[in-house]
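Novice: Could you work out the structure for the sequence below:
(3 chains)
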Amino acid sequence: MSVAPTLLAVEGLTKSYGGIHAVRGVSFELRAGEILALIGPNGAGKSTCFDMLNGQNKPDSGRIRLLGEDTTAKKPREVWRLGVGRTFQITATFATMTVRENVQVALISHQKQLLNLWGSAPRFDRDEAVRLLELVGMGGYADRPCGELAYGDLKRLELAVALANEPKLLLMDEPTAGMAPRERIDLMRLTARIAREKSIGVLFTEHDMDVVFEHADRIIVLNRGTLIAEGSPTEVRGNPQVQAVYLGEGLVYDARHREGAAT
Amino acid sequence: MKLTVGGLNSHYGPAHILFDIALEVGDGEVVALLGRNGAGKSTTFRSIVGLVAQRSGRIVFEGKDVSARPTHEIVRGGLGYVPEERRIFTDLTVEENLEVGRQPKRPNAPYWTREKLFTLFPNLNEMRNRPGGRMSGGEQQMLTIARTLMGNPSLVLLDEPSEGLSPKIVEQMVDAILTMKKEGVSIVVSEQNLHFAKLISDRAYIIERGRICFGGTMAELDARPDIRDAHLSL
Amino acid sequence: MAFYVVQFLTGLASAASLFLVASGLSIIFGVTRIVNFAHGAFYMVGAYIAFTLTDRLSGAFGFWGGIVVAALAVALIGVLVEMVLLRRIYHAPELFQLLATFGLTLMVEDLVVLIWGPDDLLGRRAPGFKGAVDFFGQNIPSYDLFLIVLGPVVLGILWLLFQRTRWGVLVRAATQDRDMVAALGVNQKWLFTSVFAVGVFLAALGGALQIPRDAVHHAMDLRIIVEVFVVVVIGGLGSIVGAFVAAVLVSELNAFGILIFPKISIILVFLVMAVVLIVRPWGLFGRPEAPARRTPGLTVNPWRPLTSNERLASLAALGVAAALPLFAGNYALTVGSEIAIFVIFAVSLHFLMAVGGLASFGHAAYFGLGAYGVAFLAKMAGLPMIVCLLLGPLLGCLGAAVFGFFAVQLSGVYFAMLTLAFAQIVWSIAFQWVSVTGGDNGILGVWPEKWAASPSHFYWLALGVATLVTIALRIAVFSPFGYALRATRDSALRSEAIGINVKRMQWTAFVIAGTTAGIGGALFAYLKGSVFPDNLGISLSVDALVMVLLGGVETVSGAVIGAIVYKALNIWLVSQTDLSKLVLGAFIVLIVVVFPKGIVGMLEMLAQRRKGSSPPGSTLLAKPIGPAE
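Specialist: Numbering: from 1, shown residues only, chains lettered A, B, ... in the order given. Alright, predicted model coming up:
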């Protein structure tokens, strides 16, 4: 792990709205193949942070470097072209298109064929689209209308779409929100497997501590816009400050992950 | 019985979503409606308060059949509804949000004043004039419950109150729900987090693909890990 | 100097009425999400009724009482319209709502002529404000001063109403989330009706207050509605303060624009609007629209290429159409050519609407520009017909490139209003710039050359071009570009997150659609032998929308069938009655209420029902086609 190159380096990221600091001087790094969880109370600035990484939002100050390239002022579509896939908290898919067409659009964009008015889109890179769908276990759904999918399947489709440009970094905003416990674990296992195989770095936010403690290599904790803790799952759940502002008494997640319990 | 639902069927366009839903809520009870995403929990709630146009069945609230009444009349009758996604009026201040929910005092339901609600949710007291859009998710969840309580309901349908909230806020939510119960409000709460549901509920129903497939006390549910595993995939 | 001050004050006085109408539109839109096209009609009816009342009632009380009673009476009509018509279409796509209220406008235009006659009516002067005030040798009518004071007073009253009353809080809440308001025990129906009444009252009051200043006539509805659209685009839809500021801005621009560009004063307003749109796309006081809430239950069949049977059927239909000259007379062939041209027009709009999700309310601008392009080339440059036909549409292309660039900065109803305003600007230029365009007299004598002159030859030409255009656009729908464009329609957020430049895709689609419309316009100029400002007027734009919606948005064949049915009906209707607007308006309203899915959609539904199987369409838990709600 220690030999893996630094993928993402964030330095002193700061953003305020109407005089209130949403994010203040946040710095962290992410290595290739590493799964990093960003947790913290509602309103701590996680989403703001996330939107800045992906170019949806511009920081007031600070710097974001992706594979050594400065992406601080780039737009989402430019960040994507550098190899950053993103999934959304509330899934964003092309609802009137089939599952395969959703992936095909991403492939069309990846191969810069967006202004091609003559070719046949239904035949565009069919095999690659199916391969990506199979990778996330959706091979059998290729011809289903996307609007027909169950929520968990939509999340998997988003993952397939995010993988279409062979990303080096995946940003996943509450990837398991709204899913049943079993689906949560399946999706994160899948993500972890792909990340390891392709040496992709993953940064995700999450409120389900069962998911976080099970799958994150490392956790960073945000509170009122600043980083208050960083470390392995064991270190973070033992941290009294994190317990005070975020974890609480541990009544509402799996007993296996509570502090002091044998793991 | 506070609420009796029987033979409830709902459709969205051509899709049949709910099949013969039957459930009961007793006076002062907290009942959990458990199920996966898309199982039909929200649609059940939306159907009960009349937000789904195509529904049929019996919905008896406090002895009156309300299944043919429009939403606002059902709600005015004392059946409060807290939707998922919170749906705060982001442009309105906390006080104004509460004003929208205000309804006259009701004889057989606890009466909530602003001040009483600010004691229940002390965070809101500090931000009375803040627009809803400038609040954190946890604060918004508190506000949306307080807003519904301003209508002095005798029964509240709470749709996924713990979703997207930090563990600590979820613990506060447990306290708030237990306080509401103590005041005499009956509550139906839809959930995916079984830990949370166990802390607050007397009984539970499990819904799967639009059908109720289990109903019983929390102890009975605990005794049936087979049902839990099959329908909640824990 | 005094002259400029007076000019400024005149502008302020004009702003009062504009503000009243625009704020009414904004309030209604805020809660009901309906852009009430009929707002101009209510304004006009307010003026007519006030004219009659103030004419019959004497004295100061009669005048002021007449104004207020007129506004109240129109508000009552508004309540009726809301209860009878709008309540049925609150859940229809916003495009249908715009269309329904447009149909209403058409009906009202014929009705006022029936009641009050076609002539301009001059109203009474306001008692107590008949004179003028002297200002360094310049006269300012004292009624203008009254209006200048009235504007801010109304603004203040509205502010108090919305900030300080429970009704105001409920309305503001409903503006954001009407279902949630109902779920908190508020009677939505009552709230909507009351809001609609207030909005219509403001419009009618604006109209009634104009009678001492302007003549009352039956075209004042369209004039004001376009200005109001410009005002709300600049000020921000939903913002009352924005409506006020923008009304003042637009009125001043008009007042001074006359001095700078006497011929085409509207250019100045356009330039300002363009700047505002670049700097603040949602208007000076507006805010970005929240993404559409998921609307459960919309059925969408995924698109697919034609099956071989459908291919054969299309070929057979084309064969029959091509054989028409063998048995039809000259009149039928001319009608056939016109229908073929409108197929081109409808298919071009369909591409933009269905694939791009952009409902243009001013698509005729590019049709008309194509026609003017041909007329310029043929009459001024004297180029041969084939060259004119190839180059003429480029004017449509150019127009679409310029206006489209600004229009795609917006979406949804803003896009609709903006495209309509742009079309009206092009119309004004064609109308006012007499030295170049011939103004109202148009450009005459654009006749086809000999090889295409006979009705059958021209018919074959039109049919051939229409076929080529339809095939080309269908290929584009299933091209990588077409897929990506549909993707931007379904989710702009996701599109940007996978490297698609949404605005550029939409702009490209706009230019393609505009150029194609221009091709139709070019043929149209030769068919009619002349070009008039009406070739780019609002009613032609709405014709295109009705054709597409009548056929059904979801299929290209829908646009073709819609164009054939609607155009044939239209031509027949105009030959049968003097009240064509009334009938047409009623027809549009009826379509919206009865066939919200169009002809082809209805046929498909019937076919599915006959098969007895469950519909293959999926339940789509996502936003519907086009940005609804």
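Novice: Please settle this for me: is A:L171 part of a strand?
Specialist: Yes: secondary structure of A:L171 (DSSP: H, G, I helix; E, B strand; the rest coil): part of a strand.
Novice: Mind pulling up the pLDDT for it?
Specialist: Looking at A:L171, its pLDDT reads 93.
Novice: what bridges to the spatially most central residue of chain B?
Specialist: Taking Cα atoms, centre = their mean, the centroid of chain B lies closest to B:L158, which sits 1.6 Å from it. Counting by DSSP bridges, B:L158 is bridged to B:V82, B:V189.
Novice: Against chain A, how distant is it?
Specialist: Distance, B:L158 to chain A, by Cβ to the nearest Cβ, to the nearest Å: 15 Å. Where you see a C-beta, it was placed from the backbone N, CA and C, and this is true even at glycine.
Novice: these two touch, right, that residue and B:S186?
Specialist: No: B:L158 is beyond contact range of B:S186, at 11.0 Å (criterion: Cβ atoms under 8 Å).
Novice: per-residue confidence at the residue in chain B positioned nearest to chain A?
Specialist: When distances are taken as Cβ to the nearest Cβ, chain B reaches nearest to chain A at B:S136, 2.5 Å away. On pLDDT, B:S136 comes in at 84.
Novice: Equivalent analysis for C:V300, please.
Specialist: In the predicted model, C:V300 carries a pLDDT score of 50.
Novice: Can you pull the domain assignment for chain A?
Specialist: A:1-83+A:167-263, A:93-166 (automatic domain parsing).
Novice: Tell me which of the ones you listed sits most buried.
Specialist: Of all the domains of chain A, domain A:93-166 has the most neighbours on average by mean count of other Cβ atoms under 10 Å in any protein chain shown, namely a mean of 20.
Novice: With adjacent residues omitted, what lies nearest to A:G62?
Specialist: A:L13 (3.7 Å; Cβ to Cβ, 6 or more residues apart in numbering or on different chains).
Novice: correction: C:M385
Specialist: Using Cβ to Cβ, 6+ apart, the closest residue to C:M385 is C:E449 (4.4 Å).
Novice: May I have the secondary structure class of A:N42?
Specialist: Here A:N42 is recorded as coil under three-state DSSP.
Novice: Contacts only, for the residue of chain B closest to chain A.
Specialist: Contacts for B:S136 (Cβ atoms under 8 Å, 6 or more residues apart in numbering or on different chains) come out as A:P41, A:N42, A:G43, A:A44.
Novice: how about TSV for those, with distance to B:M218 and pLDDT added?
Specialist: Shown next, in TSV, are the contacts of B:S136 (distance: Cβ to Cβ, whole Å; pLDDT from 0 to 100):
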residue	distance to B:M218	pLDDT
A:P41	29	86
A:N42	28	81
A:G43	32	80
A:A44	33	84
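Novice: if you skip the residues just before and after it, what's nearest to residue 224?
Specialist: The chain I'm using is chain A. Excluding the flanking residues, the one nearest A:R224 by Cβ to Cβ, 6+ apart is A:A44, at 6.2 Å.
Novice: The intended chain is chain B.
Specialist: Here the residue nearest B:R224, using Cβ to Cβ, 6+ apart, is B:F214, at 7.5 Å.
Novice: centroid residue for chain A?
Specialist: By Cα atoms, centre = their mean, the most central residue of chain A is A:M172, 1.6 Å off.
Novice: quick one, what contacts that residue?
Specialist: A:R86, A:T87, A:T191, A:V202, A:L203, A:F204, A:T205.
Novice: partner strands of the helix or strand hosting the first one, parallel or antiparallel?
Specialist: Assigning secondary structure by DSSP states H and E places A:R86 in strand A:84-87. Using DSSP bridges, the neighbouring strands of strand A:84-87 in the sheet come out as strand A:169-173 (parallel).
Novice: Going by residue numbers, what spans are helices in the stretch 1-150 of chain A?
Specialist: In the stretch 1-150 of chain A, the helices defined using DSSP state H, counting those that start in this stretch lie at A:46-54, A:76-81, A:99-110, A:126-135.
Novice: quick one: which of the ones you listed has the weakest pLDDT on average?
Specialist: helix A:46-54 (a mean of 89).
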